[in-house]
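Q: Sequence and computational prediction follow.
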Amino acid sequence: MNNMNEVKSPKKPVLMYYVIIFLLVILFNSAVMPAWREQQVKEVDYSTFMNLTDEKKIDKVEVDENQILFTEKGDTKQTYKTALMNDPQLVSRLHDSGVTFTGQIVDKMNPILSILLSWVLPILIFFWIGQYMNKRLMKNMGGGPGAMQFGLGKSNAKIFVKPTDGIRFADVAGEDEAKEGLQEVVEYLHNPSKYKEIGAKMPKGILLVGPPGTGKTMLAKAVAGESNVPFFSISGSEFVEMFVGMGAAKVRDLFKQAKEKAPCIVFIDEIDAIGQKRGATSIGGNDEREQTLNQLLTEMDGFEENTGVIILAATNRPESLDPALTRPGRFDRQVPVVLPDLQGRVEILKVHAAKIKTAPNIDYDKVARMASGASGAELANIVNEAALRAVRDHRKVATQEDMEESIEVVIAGYQKKHAILTDKEKCVVAYHEIGHALVAAMQTHSAPVQKITIIPRTSGALGYTMQVEEGNHYLMSKEEMENQIATLTGGRAAEEVVFHTSTSGASNDIEKATRLARAMITRFGMSDEFGMVAMETVTNQYLGGDTTLACSPETQARIDKAVSALIKKQYEKAVQILENNRRTLDALAKFLYEKETITGEQFMGIVEEQKKASEGNGSAPSAPSAPSAPSVPETPPAEAPKEDAPAPGAPQPVKNVPPLNLER
């Protein structure tokens with residue numbers, strides 16, 4: 001750490017600026033000011049002064065101890081000066097000529113005060129102007145205050161000597177596996193001798209990886225709260241500075257402070273900001289990030305054994321980290337912090353619901369099923385939205401209805417109270433959503449329908465169908481995925497069956513069906529043509545899961561044909577299901593058109609009722625029926641021509657928003 005003092009050398013350029021300012025002040029006082037005064041006053045000889053006095057052409061005279069200043073009569077009022085001579089008759093001569101004259105009282109200024117006013121004060125003024133311009137420049141460049149303070153190298157880590165927020169492992173629900181992996185850290189900080197006796201070494205670094213909002217930062221705070229040791233918290237982006245070497249100096253300072261307060265915990269959030277693979281972001285390989293990363297690698301590998309300093313870091317891009325950072329000896333252990341399962345969601349909801357006033361009869365299990373795939377942060381947002389809805393409705397507690405509505409708000413946005421669809425558009429949307437639900441209900445291995453609505457939402461959806469899994473679902477078979485594709489195409493199929501046309505409302509469904517079909521062929525090995533060959537790789541698995549094809553252009557063309565054929569086959573299956581259950585489709589669409597919302601129980605009740613009616617009439621339930629569309633205003637009949645249907649670009653996209661992970 002002795003080289004910390006060597007970083008102060010860059011202050012020399014700033015000192016040079018002050019020397020330049022000082023020289024400018026000297027030049028101004030010694031050359032500019034006398035020259036300016038010389039231009040204002042003309043110097044003449046004493047005889048000229050005497051002649052002008054005798055001719056009474058002088059207006060005012062001022063006698064100084066070294067010179068005589070006088071002003072000539074006239075419009076110009078030019079000022080002259082001449083040397084003071086030993087002339088005893090000067091006063092009488094001036095009096096006789098009628099000149100207004102005076103003498104100057106000589107009061108010699110204090111030399112110290114003269115120096116202060118002539119030299120020190122101008123220098124201070126120039127110094128203040130320089131500081132002001134420096135701050136303005138740094139603000140415009142985004143450096144902030146202190147960006148030009150070379151060589152300080154102080155880390156911006158927030159130090160919590162005694163955690164005050166009181167976060168413990170009990171406050172972090174739904175991450176039992178992650179907490180189990182971190183419990184050893186707490187035990188080591190409490191009782192290190194137990195590990196020393198057997199010769200075990202605690203990992204020097206623990207890397208928390210997972211999607212955003214799963215609680216990585218909260219887990220780090222819980223470790224500090226359970227351990228009751230000093231906690232250093234800093235973001236990876238705070239190490240990146242404008243000047244090369246500043247980030248490395250901050251790393252040195254951070255680890256110096258940590259060693260002084262050991263045992264302690266150092267938490268680096270978003271470590272991928274400085275830990276990216278070297279050579280991937282720069283050409284020369286000598287940029288600020290690489291210097292900072294090199295210093296971090298040196299500090300982590302230079303720890304003495306069992307010093308009691310534990311490094312925690314969090315990232316949602318582990319694939320971008322440098323291999324030297326994730327090797328054993330630095331970050332020895334990776335702890336996945338994944339999306340919670342059903343039981344985890346229930347526990348998280350209860351933790352956050354304890355912070356608000358709720359009704360005693362809330363079914364958290366049902367709410368957790370509806371919020372399938374939600375992270376901890378999203379579940380906290382759902383609970384908060386429920387509390388806000390209760391306040392808007394002037395109630396003192398949040399109810400089950402508030403919880404369920406808040407899930408819909410998070411999924412599809414708020415209800416549009418002023419969005420008014422035409423009767424024709426409303427009928428199209430009703431058939432579209434019933435098409436999704438009915439195809440799902442008539443297939444096996446499909447999630448039950450929870451709710452269907454055609455109330456427009458702020459996300460742009462004119463309606464949506466919500467399906468909820470009955471339990472935890474980690475694997476999907478080929479048949480289940482094909483059924484899911486058929487369900488996604490059910491909305492467009494209903495439009496074709498009833499109105500013999502299509503609208504733009506199926507855009508989101510087409511996108512999801514295409515993504516799922518492509519995954520089946522390129523990643524899951526569910527194609528007879530390609531077999532078990534990976535044609536696609538996933539990058540940024542925790543940030544949306546972007547995919548990259550790893551095959552030739554000819555193979556890509558064959559994949560596109562296979563995807564199109566798979567979706568077309570499932571679309572034809574959806575059309576056949578709806579044609580075979582046309583009477584049920586019409587009854588459900590009419591009910592949804594009138595009520596605007598159908599619950600899962602109402603939906604299945606109408607399906608069973610229509611099935612019994614078909615059996616009572618002696619017709620097979622699967623026999624095609626061809627009645628006209630529901631008798632609603634401006635609804636086109638079943639055989640309506642295409643030109644009477646809504647224009648494809650007229651309605652907003654209709655989203656089918658089942659809270660399912662289609663690519664599990």
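A: Perfect, I can see it now.

Q: Where does Lys366 sit: helix, strand or coil?
A: Classification of Lys366 using DSSP: H, G, I helix; E, B strand; the rest coil returns helix.

Q: how much space is there between Gln570 and Leu94?
A: With distances taken as C-beta to C-beta, to the nearest Å, Gln570 is found 119 Å from Leu94. For every residue, glycine as well, the C-beta is placed using N, CA and C.

Q: which one of these two has more residues nearby?
A: Under the neighbour definition other C-beta atoms under 10 Å, Gln570 and Leu94 were set side by side, and Gln570 has more, 25 against 18.

Q: looking at it, that one is touching Glu479, isn't it?
A: No - the criterion here is C-beta atoms under 8 Å, and Gln570 misses it with Glu479 at 11.1 Å.

Q: Thr399 touches Pro360, doesn't it?
A: No - in this structure, Thr399 is not within contact of Pro360 by C-beta under 8 Å, at 10.1 Å.

Q: These two: who's more crowded?
A: Comparing Thr399 with Pro360 by other C-beta under 10 Å, the one with more neighbours is Thr399, at 17 against 5.

Q: nearest spatial neighbour of that one, skipping sequence neighbours?
A: Leaving aside its sequence neighbours, Thr399 sits nearest to Ala359 (C-beta to C-beta, 6 or more residues apart in numbering; 4.6 Å).

Q: That neighbour: how many residues sit nearby?
A: By the criterion of other C-beta under 10 Å, Ala359 has 15 neighbours.

Q: Also Leu117?
A: Counted with other C-beta under 10 Å, residues neighbouring Leu117 total 12.

Q: In the stretch 151-300 of the chain, where is pLDDT below threshold?
A: Using pLDDT under 70 as the threshold, the predicted model of the stretch 151-300 of the chain has low-confidence ranges 151-166, 241-245, 279-287.

Q: Just the CA coordinates for stretch 254-263, please, in CSV.
A: The C-alpha trace of stretch 254-263 is given here as CSV (Å, rounded to 0.1, in the frame of the first residue of the first chain):
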residue,chain,number,x,y,z
LEU,A,254,-11.3,-0.7,-0.4
PHE,A,255,-9.4,-3.8,0.4
LYS,A,256,-7.1,-1.8,2.8
GLN,A,257,-10.1,-0.7,4.8
ALA,A,258,-11.6,-4.2,4.7
LYS,A,259,-8.4,-5.7,6.2
GLU,A,260,-8.4,-3.1,8.9
LYS,A,261,-11.9,-4.0,10.0
ALA,A,262,-11.7,-7.8,9.5
PRO,A,263,-13.7,-9.9,10.1
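
Q: which parts of that stretch are buried?
A: Neighbour-count burial for stretch 254-263 flags Leu254, Phe255, Gln257, Ala258, Lys259, Lys261, Ala262, Pro263 (criterion: 16 or more other C-beta atoms under 10 Å).

Q: what's the closest of the residues you listed to Ile271?
A: Closest to Ile271 out of the buried residues of stretch 254-263 is Leu254 (12.8 Å), distances taken as C-beta to C-beta.

Q: For Arg330, see how far away the closest one is.
A: Leu254 is 15 Å from Arg330, where distance means C-beta to C-beta.

Q: just Leu189 next, same as before
A: From Leu189 over to Arg330 the distance is 19 Å, taken as C-beta to C-beta.

Q: can you pull out the strands in the stretch 301-450 of the chain?
A: Using DSSP state E, counting those that start in this stretch, the strands assigned to the stretch 301-450 of the chain run over residues 309-315, 331-336, 449-453.

Q: and of those strands, who's closest to Ala200?
A: Comparing these against Ala200 with C-beta to C-beta, the closest turns out to be strand 331-336 (12.1 Å).

Q: now the angle from the closest one to strand 309-315?
A: What separates the directions of strand 331-336 and strand 309-315 is an angle of 40 degrees, with axes from the mean of the first three to the mean of the last three C-alpha atoms, to 10 degrees.

Q: which helices and strands does strand 331-336 pack with?
A: Contact here means 3 or more C-beta pairs under 8 Å, 6 or more residues apart in numbering; DSSP states H and E; on that basis strand 331-336 packs against helix 176-190, strand 205-209.

Q: Show residues contacting the longest one.
A: Helix 176-190 is contacted from outside by 169, 172, 194-195, 202, 206, 208, 219, 222-223, 226-227, 229, 263, 265, 308, 310, 333, 335-337, 344, using C-beta atoms under 8 Å, 6 or more residues apart in numbering.

Q: on that earlier part again, tell me the one among the buried residues of stretch 254-263 nearest to Ser375.
A: Using C-beta to C-beta, Leu254 is the member of the buried residues of stretch 254-263 that lies nearest Ser375, at 29.6 Å.

Q: what's the distance between the closest one and Ala359?
A: When distances are taken as C-beta to C-beta, Leu254 and Ala359 turn out to be 48 Å apart.

Q: Report the buried residues of stretch 57-73.
A: For stretch 57-73, by 16+ other C-beta under 10 Å, it's Ile58, Val61, Glu62, Val63, Ile68, Phe70, Thr71, Glu72.

Q: from the residues you listed, which is closest to Lys590?
A: Proximity of these to Lys590, judged by C-beta to C-beta, is greatest for Thr71, which lies at 108.0 Å.

Q: Which residues are in contact with that closest one?
A: Taking C-beta under 8 Å, 6+ apart, we find Thr71 in contact with Ile58, Asp59, Lys60, Val61, Lys77, Gln78, Thr79, Tyr80.

Q: any chance of those residues in TSV, plus pLDDT and distance to Thr514?
A: Converted to TSV, the contacts of Thr71 look like this (pLDDT from 0 to 100; distance: C-beta to C-beta, whole Å):
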residue	pLDDT	distance to Thr514
Ile58	80	103
Asp59	78	100
Lys60	82	99
Val61	83	102
Lys77	68	93
Gln78	74	93
Thr79	79	93
Tyr80	79	97
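
Q: can you redo those residues as TSV with distance to Asn581 and secondary structure?
A: Shown next, in TSV, are the contacts of Thr71 (distance: C-beta to C-beta, whole Å; DSSP: H, G, I helix; E, B strand; the rest coil):
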residue	distance to Asn581	secondary structure
Ile58	122	strand
Asp59	117	strand
Lys60	116	strand
Val61	121	strand
Lys77	111	coil
Gln78	112	coil
Thr79	112	strand
Tyr80	117	strand
